[in-house]
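Student: 3D model of this:
(chains A, B, C and D)
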4 protein chains.
Amino acid sequence: MCRWLAYSGSPILLEDVLFHTEHSLIDQSLSAEQSVTTTNGDGFGVGWYDKRDVPGVYRDIRPAWNDKNLQAMAAQIESRMFLAHVRATTGSPVQRTNCHPFSHGKWLFVHNGLVNDFGKVRRDMAFAIAPELFPHIWGSTDTELMFLLALTFGMEGDVEAGVARMAGFIEHLAEENGVDDVLQMTLGIADGESLYAVRYSTAGESRTLFHSASRDATEEIAPEAGHFSRNARAIVSEPLSDLEEEWVPVPEATFVTITKGDVSYQPFAPIAP
Amino acid sequence: MCRWLAYSGSPILLEDVLFHTEHSLIDQSLSAEQSVTTTNGDGFGVGWYDKRDVPGVYRDIRPAWNDKNLQAMAAQIESRMFLAHVRATTGSPVQRTNCHPFSHGKWLFVHNGLVNDFGKVRRDMAFAIAPELFPHIWGSTDTELMFLLALTFGMEGDVEAGVARMAGFIEHLAEENGVDDVLQMTLGIADGESLYAVRYSTAGESRTLFHSASRDATEEIAPEAGHFSRNARAIVSEPLSDLEEEWVPVPEATFVTITKGDVSYQPFAPIAP
Amino acid sequence: MCRWLAYSGSPILLEDVLFHTEHSLIDQSLSAEQSVTTTNGDGFGVGWYDKRDVPGVYRDIRPAWNDKNLQAMAAQIESRMFLAHVRATTGSPVQRTNCHPFSHGKWLFVHNGLVNDFGKVRRDMAFAIAPELFPHIWGSTDTELMFLLALTFGMEGDVEAGVARMAGFIEHLAEENGVDDVLQMTLGIADGESLYAVRYSTAGESRTLFHSASRDATEEIAPEAGHFSRNARAIVSEPLSDLEEEWVPVPEATFVTITKGDVSYQPFAPIAP
Amino acid sequence: MCRWLAYSGSPILLEDVLFHTEHSLIDQSLSAEQSVTTTNGDGFGVGWYDKRDVPGVYRDIRPAWNDKNLQAMAAQIESRMFLAHVRATTGSPVQRTNCHPFSHGKWLFVHNGLVNDFGKVRRDMAFAIAPELFPHIWGSTDTELMFLLALTFGMEGDVEAGVARMAGFIEHLAEENGVDDVLQMTLGIADGESLYAVRYSTAGESRTLFHSASRDATEEIAPEAGHFSRNARAIVSEPLSDLEEEWVPVPEATFVTITKGDVSYQPFAPIAP
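Tutor: The predicted model follows:
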């Protein structure tokens, strides 16, 4: 399964979170429940904010643990906000343009889950994307189209509403095309100022999602870093084994906003077209 | 610039044509006219027919000359019909799914040229692809959409008509969207029985294309092979330096069919929608 | 952990064994015992014999399941003898030249295991390789050096003796450099005529190794193939779950030869220098 | 042919030098003298210094122009000192561990040139590397061995002497093994404080090398950057077309040191063993 992680707070080295921990994003993927399908050999990506208007994005089909370039880069780059993702493909080719995070302008977007029976709704999803955004389709994933649809539906002005309309539109297509339980979704979104997360699935049984409530819990994602700011927060797909009581599970059908350490919830429901 | 080559005749080792010649496809690309844009570092592909119903396809972003896997494979595989292509991207990402040849069932498809101002017509091209073929879009090139459009417009029953309708449709979109000289095109197509080629451009100044008229000329593509059958024929983007008089330039606006060594021409004109 | 498989018999499609089975080499790797280290995302390789004097070799850092080129190739190529290997690195970089099988002339060589504390003996191993073979070091693995040492010590004339001298030499270096339990080894070797396997470790607790005793058992590696010849035999790292009683465990310290379906054992012991 | 570039001065974005110029390192490679051998599709690398003790290094077999990860990274990273290199292989495999720059601790090392008849001296070169450095051989290039030999011969204490002994040792091996004109060499070396360059060849006809003498000339490598410090200096394989009079050719057999903008020369001669 995919796993993702988001961080917001004072700048820390990417490597402190990606590599130098006992319970890193990567380890979670390796020791997560395995089946006879591929689980984690399908790509890795990280998007980070620094001095520029737009984030940097590094995505590759190599797993993070055997990518020396990523390790070198993560050892040098400090960032106040980043999203990282390990991928397990649900069918589309393994290529960089199908790895998360997806980006557009200041936005970053990661997803754990899938659009069920994607083949039945893919064409309609693609054509609902604003024509000026259509050229920004570089890959062939459900996630890339979800992202561009959310932008089409106004995410830039109101993140929650844009995502809700995207979810509502996809559920509408599902009805029209006889697809059950179409959306399985935890999303991570960033714009350089705030982190946003969504936990929602059509069938109401979403993959897990947690956020840290305090600095102490946030330090758990990178014990060796040791210099987390008071307002540092993280969002993770799986809880870490330690300090479980300080990792707050995000309820089903919830939209989370984290700005400068302040965490707020809204109920999340798709907005039908 | 892209370069491609097609072969039909008794089986020969792929390596005889791809690597073991002085004037190989690869060499042509390297010593072709260079500019400050990339010309040949953007990928290579070969599709070949053997005992199965469908061809094998090998495509990678590595140039052919530094891909040991391709060299090993080409040293082992004999084939009676194959298409090979070196790519120079005109904008889309460098990934395997954007390399030629494209394939679907028994079909192989390569292209030298481009759809001018592709961004303005891409969405409409994608929309016009038959819904059941839409899931077969894995990349983001003009060529992949041209191929799926030709299939949509009946290429399986009549190759020339399917391609002509595809060309006509794209020129129609160009008019509607203010795009000049939209098509620049030499195409190579195979179905396991015959080779087909098209040389056509909206502005009437297509890239070069040649076919061999005799075994002697065909041997020129692989001098060391030395065992070409009487009906062996090749189609190449550029003539070889030797025996130039035996390489027949394909005229502008022409559709070529090669079946068991017999070469026939038809005038080619787009069929407007 | 690494896994490998060898086949000898009438030609079958590579894909029948590599992909079209329930209990394929790849599945074994995925559902094998997992730890927090990488186990199977570090590369895949296959070497196969066909009409040429030397085998073809395909090795890549992508896992087999997400490599379309390998899948296409395996769907086209039939072979009477081949070795396949999935890699889990024990430290050296993940690059094609560090994937198995290694090859030289007609020889193929795969390994499951390691040279313990390789850093302490690597230099001496490298310098014991015959000077004319030294230029054939392309990577940085223990296995590549083991192979070139076996060739140096006469594998071409007597496979068992060459391997035994290589093992004895490495154990000698281990003594000199204070390395315990230096060799952990199951080896698969082929020369186009026969398959050879070795199961030996300094500490006497080697990884598992099995060979099939009959056609019925051999069919287990590729149930859908259904056309195994009477003399078809396979060697595998792990037994398949079905027909376990027909998979013969290779005893510790044993050298196996399979020629045209005949299986013979020799006791194996390192020959000290 | 290979090309390299070094920069020292106040921090600038890597992309200003690598991508956003008319006469970039990459363009030079593309429009340099071409032959029918590969010239520039064999890899790219950049090593840069920032806040850490050691530089970051990014190397890949993809050409720089089609590597989105490199482009993203170069758009975010500012550095006061870096070396960049485009590779054309002289025989060894195309893999990341064979791309420049090579690194060890605080050191970076790039090379344009070759060790002639490398196969005849490779083993002896490898043997002469200090045993504790031998495990740091990850690839199979002449350059990597030259670097580790220079370290073996004292480069850490005296760069010029270490390199001179390395060159002298290789020329000695050449004599013993009947190799003419063994060294063809322009080297770029950095330690985070200074840049060093060497221009020397056994036959006295080295590839070109230039350094900038002023800020104005240095700006030529990145006209759009526009904020070069007074002490900014660059070293390049080829002069830029503009302001040629401000690019100082490094004479044959010369060792250059650039520290905080001060440029000094020493005559360079190999020190025989």
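Student: Stretch A:170-185: how far from the chain's middle?
Tutor: Put simply, stretch A:170-185 sits 21 Å off its chain's centre (Cα atoms, centre = their mean, to the nearest Å).
Student: List the buried residues of that stretch.
Tutor: A:170-174, A:179, A:182-185 (16 or more other Cβ atoms under 10 Å in any protein chain shown). (C-beta placed from N, C-alpha, C; glycine too.)
Student: Can you flag which of those belong to helices?
Tutor: A:170-174 (DSSP state H).
Student: Could you verify my assumption that residue A:261 touches residue A:232?
Tutor: Yes: the pair formed by residue A:261 and residue A:232 meets the contact definition of Cβ atoms under 8 Å, at 7.0 Å.
Student: which residues do the two both contact?
Tutor: By Cβ atoms under 8 Å, 6 or more residues apart in numbering or on different chains, residue A:261 and residue A:232 have these common neighbours: A:8-9.
Student: For those two, work out which one has more neighbours and name it.
Tutor: residue A:232 (23 against 15; other Cβ atoms under 10 Å in any protein chain shown).
Student: Give me the pLDDT for the more buried one.
Tutor: At residue A:232, the model reports a pLDDT of 89.
Student: okay, now the nearest residue to it once chain neighbours are set aside: neighbour count?
Tutor: Nearest non-adjacent residue to residue A:232, counting by Cβ to Cβ, 6 or more residues apart in numbering or on different chains: residue A:9, 2.8 Å away. Residues near residue A:9, counting by other Cβ under 10 Å, number 22.
Student: show me the contacts for residue A:9.
Tutor: By Cβ under 8 Å, 6+ apart, the residues touching residue A:9 are A:80, A:218, A:228-229, A:231-233, A:261.
Student: mind redoing it with 6 Å?
Tutor: By Cβ atoms under 6 Å, 6 or more residues apart in numbering or on different chains, the contact set of residue A:9 is A:229, A:231-232.
Student: about what we covered before: just curious, which of the buried residues of stretch A:170-185 is nearest to chain C?
Tutor: Chain C has its nearest neighbour among these in residue A:184, at 21.2 Å by Cβ to the nearest Cβ.
Student: And the strands in chain A?
Tutor: A:3-13, A:44-49, A:56-60, A:78-86, A:102-104, A:107-115, A:183-190, A:194-201, A:210-212, A:233-236, A:247-249, A:254-259, A:262-267 (DSSP state E).
Student: average pLDDT for the first one?
Tutor: Right, the one you point to is strand A:3-13. Here the average pLDDT along strand A:3-13 is 92.
Student: could I have it exported to CSV, CA atoms only?
Tutor: What follows is strand A:3-13, C-alpha atoms only, in CSV (Å, rounded to 0.1, in the frame of the first residue of the first chain):
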residue,chain,number,x,y,z
ARG,A,3,2.2,5.6,2.6
TRP,A,4,2.6,9.3,3.0
LEU,A,5,3.8,11.8,5.5
ALA,A,6,3.6,15.6,5.8
TYR,A,7,5.6,18.0,7.9
SER,A,8,5.2,21.6,8.9
GLY,A,9,7.3,23.6,11.4
SER,A,10,10.7,25.1,11.6
PRO,A,11,13.1,23.8,8.9
ILE,A,12,14.5,20.4,9.4
LEU,A,13,16.7,18.3,7.1
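Student: partners of it, with directions?
Tutor: strand A:78-86 (antiparallel), strand A:233-236 (antiparallel) (DSSP bridges).
Student: now do the third one
Tutor: Here the strand partners of strand A:56-60, with direction, are listed using DSSP bridges: strand A:44-49 (antiparallel).
Student: next one: the strand it pairs with to chain centre, how far?
Tutor: Relative to its parent chain, strand A:44-49 has a centroid offset of 10 Å by Cα atoms, centre = their mean.
Student: which residues are in contact with it?
Tutor: Against strand A:44-49 from outside (Cβ under 6 Å, 6+ apart): A:55-59, A:64, A:79, A:81-86, A:99-101, A:103, A:108, A:192.
Student: try 7 Å this time
Tutor: Identification of contacts with strand A:44-49 by Cβ atoms under 7 Å, 6 or more residues apart in numbering or on different chains yields A:14, A:18, A:55-60, A:63-64, A:77, A:79-87, A:99-101, A:103, A:108, A:192.
Student: I figured residue A:113 hits residue A:205, correct?
Tutor: No: using Cβ atoms under 7 Å, residue A:113 is not in contact with residue A:205; the gap is 10.8 Å.
Student: Between these two, which is the more surrounded one?
Tutor: residue A:113 (21 against 9).
Student: Bridged to the more buried one, which residues?
Tutor: residue A:185.
Student: I'd like the distance between it and residue A:143.
Tutor: Using Cβ to Cβ, to the nearest Å, residue A:113 is found at 9 Å from residue A:143.
Student: for residue A:253, same thing?
Tutor: Separation of residue A:253 from residue A:143 (Cβ to Cβ) stands at 20 Å.
Student: what do you get for residue A:73?
Tutor: In terms of Cβ to Cβ, residue A:73 sits 23 Å off from residue A:143.
Student: got it, and residue A:104?
Tutor: Applying Cβ to Cβ to residue A:104 and residue A:143 gives a distance of 13 Å.
Student: okay, these two: which has more neighbours?
Tutor: Ranked by neighbour count (other Cβ under 10 Å), residue A:104 and residue A:143 place residue A:143 first, with 27 against 16.
Student: which residues are there in chain A that come within reach of chain D?
Tutor: A:50, A:52, A:56-60, A:68-69, A:72-73, A:75-76, A:96 (Cβ under 7 Å from any Cβ of the partner chain).
Student: repeat that for 8 Å
Tutor: When proximity is defined by Cβ under 8 Å from any Cβ of the partner chain, chain A lies next to chain D at A:48, A:50-52, A:54, A:56-60, A:68-69, A:72-73, A:75-78, A:96.
Student: and of the ones in helices among the buried residues of stretch A:170-185, the nearest to residue A:212?
Tutor: residue A:170 (29.9 Å; Cβ to Cβ).
Student: so what's the closest one up against?
Tutor: Residue A:170 touches A:115, A:121, A:125, A:146, A:149, A:182-183, A:270, counting by Cβ under 8 Å, 6+ apart.
Student: swap in residue A:154?
Tutor: Counted by Cβ under 8 Å, 6+ apart, residue A:154 has contacts A:161-162, A:165.
Student: next one: residue A:67
Tutor: A:44, A:60.
Student: Would you mind measuring from it to residue D:69?
Tutor: 10 Å.
Student: now residue A:138
Tutor: Distance from residue A:138 to residue D:69, by Cβ to Cβ: 14 Å.
Student: was I right about residue A:119 contacting residue B:135?
Tutor: Yes: at 4.6 Å, residue A:119 counts as touching residue B:135 under the criterion of Cβ under 8 Å.
Student: Tell me how many other residues surround residue A:117.
Tutor: Neighbours of residue A:117 under the rule other Cβ under 10 Å: 15.
Student: For it, which non-adjacent residue is spatially closest?
Tutor: Of all residues not flanking residue A:117 in the chain, residue A:179 sits nearest, at 4.4 Å (Cβ to Cβ, 6+ apart).
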